[in-house]
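Asker: just the structure for this:
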Amino acid sequence: MLVKVYGSAVFGIDATTITVEVNIDKGIGYHLVGLPDNAVRESSYRISAALNNNSYKLPGKKIIINMAPADIRKEGASYDLTLAMGILAASNQIKSDGIDEYIIMGELSLDGSLQPIKGALPIAIKAREEGYKYFILPKENAKEAAIVDNLEVLGVENIMEVINHFNGDELLKPTVVDTRAEFYKNVDFPEFDFSDVKGQESIKRCMEIAAAGGHNIILIGPPGAGKTMLAKRLPSILPPMTLHEALETTKIHSVVGKTKNNGLLYERPFRSPHHTISDIALIGGGNSHPQPGEISLAHNGVLFLDELPEFKRGVLEVMRQPLEDREVTISRARFSVNYPSSFMLVASMNPSPSGYFNNPDSPMTSSPQEMQRYLSKVSGPLLDRIDIHIEVTPVPFEKLSDERKGESSVKIRERVTLGREIQSERFKEFENVHYNAQMSVKQIRKYCKLSLESKTLLKTAMDKLNLSARAYDRILKVSRTIADLANEENISPDHIAEAIQYRSLDREGWLG
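Answerer: I've put the predicted structure just below:
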């Protein structure tokens, strides 16, 4: 008897439906075809043990299973439940009425219980698009898949629940999630809050500007100045994710199995990889089955690179193209996949190997030559993509011991959100530009027009402070954001003056 059941394979952040054809005939043997990898081939042992331990069995006949389309490589143990239900249906051990309306996925343990799978959300989205009515999967993934409407998501813990469902003994109950209610009830309670930060008012102001304009930022200062503490709180002042952004972010995390049973991700991601990370782990990739890297997991959020000069230069250089294009393409001989990577880069670094350059009170000092050698580990083209450079100084005792709380992240975020709304209105005719940091040269000339007084101030600053040519456009972008936060249409000399302060690494004495 021939039976068709349906599973799914995930490539990039999109799914492809897999048709599993099971034919049972006279003879003996178990033949699995359709380009399966070792994990899929080994499924027969897991299926056999799971069925035997639940009073069912593999039929002692010739079993031929084809996984179509045959030119797509099938990977992982997530097809165990699909294959098992196909075998039971083809051998008439369960009723197969309506089985073609189901997508079935799950990894079997030997006792018949189910392990969670990766990519439940992309699979559910594809199932709805192609008109399937039901999606059977492990219970741990049910909340994630139930984000998708017009699809009944049936979470199960054991293969017997699926068997009883098809036999009509005990029907499975669908998992129901009110996506909008779940999303909106959690947006105003950040884990890390700027009210915990003592002092550093100028740095907080700088972080507010970076958040409002989507500007990449680098913090330079000695150990213990609060660089990491400030960076961890940046997501709390970014505008809340839209439902579309939340779905897109959850899809990426679903592919690598990082959503667990959380359902929709409502907080902007904050990724902080260690400086020993490889270029593939950062950018994404892999030999046969590419996975998203840290820059894609930070999509719609923040990528924090602590101790920037300690990263391998080659690792940092692979970020240059994704920072510009806001997506990364992984190409292999047989296929290529695209991962979105629109993130804010926040980097921190010490000003010298000792961390205390130009500090007369510190016993550890570095020569200007050592400092230049240390800073040169970060290339000019990468710094060219960082709009704001700010020096972070240690907080004095008087401010550390002050009991008063600082301004909360929620209040700062209100101003940031208003600034973003102004930018959204300004760039509504452009498909891929949503905030000031994304402006092209043509858009800078259109939206960052300067008065004669502002031009004179900028020219004087570039001459006296020896600012590099690459700083010119960055200053205009940042000054545009400062004007938006002040709800002013025109860029004033005050806005230019403040933006000039945020180009520390362009001055003589830093990178020259």
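Asker: show me the shaky parts of the stretch 151-300 of the chain.
Answerer: Residues of the stretch 151-300 of the chain meeting the criterion pLDDT under 70: 179-190, 260-262, 287-288.
Asker: so where do the helices sit in it?
Answerer: Counting by DSSP state H, counting those that start in this stretch, the stretch 151-300 of the chain has helices at residues 159-167, 179-184, 201-213, 227-232, 243-255, 279-283, 294-297.
Asker: which strands and helices lie in contact with the fifth one?
Answerer: Packing contacts for helix 243-255, counted by 3 or more Cβ pairs under 8 Å, 6 or more residues apart in numbering; DSSP states H and E, involve helix 120-129, helix 179-184, strand 291-292, helix 294-297, strand 336-340. Heads up, the C-betas are built off the backbone N, CA and C, glycines and all.
Asker: what angle do that helix and helix 120-129 make?
Answerer: Counting by axes from the mean of the first three to the mean of the last three Cα atoms, to 10 degrees, helix 243-255 lies at 120 degrees to helix 120-129.
Asker: tilt between helix 243-255 and strand 336-340?
Answerer: Using the same axes, to 10 degrees: helix 243-255 against strand 336-340 is 130 degrees.
Asker: again, but for the first one
Answerer: Following the same axes, to 10 degrees, one obtains 100 degrees for the angle between helix 159-167 and strand 336-340.
Asker: CA atoms only for helix 159-167, dumped as PDB, please.
Answerer: Presented in PDB, the C-alpha positions along helix 159-167 are these (Å, rounded to 0.1, in the frame of the first residue of the first chain):
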ATOM      1  CA  ILE A 159       3.900   9.100  19.600                       C
ATOM      2  CA  MET A 160       0.900   7.300  21.200                       C
ATOM      3  CA  GLU A 161      -1.000  10.700  21.300                       C
ATOM      4  CA  VAL A 162      -0.600  11.000  17.500                       C
ATOM      5  CA  ILE A 163      -1.700   7.300  17.000                       C
ATOM      6  CA  ASN A 164      -4.800   7.800  19.200                       C
ATOM      7  CA  HIS A 165      -5.600  11.000  17.300                       C
ATOM      8  CA  PHE A 166      -5.600   9.400  13.900                       C
ATOM      9  CA  ASN A 167      -7.500   6.400  15.200                       C
END
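Asker: relative to the whole chain's centre, how far out is it?
Answerer: 36 Å (Cα atoms, centre = their mean, to the nearest Å).
Asker: same thing with the third one?
Answerer: Between the centre of helix 201-213 and the centre of its chain there are 22 Å (Cα atoms, centre = their mean).
Asker: can I assume residue 54 is in contact with residue 160?
Answerer: Yes. The pair residue 54 / residue 160 is scored as a contact, 5.4 Å apart, by Cβ atoms under 8 Å.
Asker: rewinding a little: put together TSV for the helices of the stretch 151-300 of the chain, with distance to residue 454 and mean neighbour count on each row.
Answerer: Below are the helices of the stretch 151-300 of the chain laid out as TSV (distance: least, Cβ to Cβ, whole Å; neighbours: other Cβ atoms under 10 Å):
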stretch	distance to residue 454	mean neighbour count
helix 159-167	69	20
helix 179-184	41	14
helix 201-213	17	22
helix 227-232	29	20
helix 243-255	34	21
helix 279-283	39	19
helix 294-297	35	26
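Asker: okay, the ones you listed in a markdown table with distance to residue 385 next?
Answerer: Below are the helices of the stretch 151-300 of the chain laid out as a markdown table (distance: least, Cβ to Cβ, whole Å):
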| stretch | distance to residue 385 |
| --- | --- |
| helix 159-167 | 50 |
| helix 179-184 | 31 |
| helix 201-213 | 13 |
| helix 227-232 | 17 |
| helix 243-255 | 22 |
| helix 279-283 | 15 |
| helix 294-297 | 13 |
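Asker: out of the helices and strands in the chain, which is least certain?
Answerer: One helix or strand of the chain scores below all others by mean pLDDT, DSSP states H and E: helix 179-184, with a mean of 66.
Asker: counting contacts, what elements does the strand or helix carrying residue 462 pack onto?
Answerer: Per DSSP states H and E, residue 462 falls inside helix 452-464. Here helix 452-464 touches helix 471-485, helix 493-500, going by 3+ Cβ pairs under 8 Å, 6+ apart.
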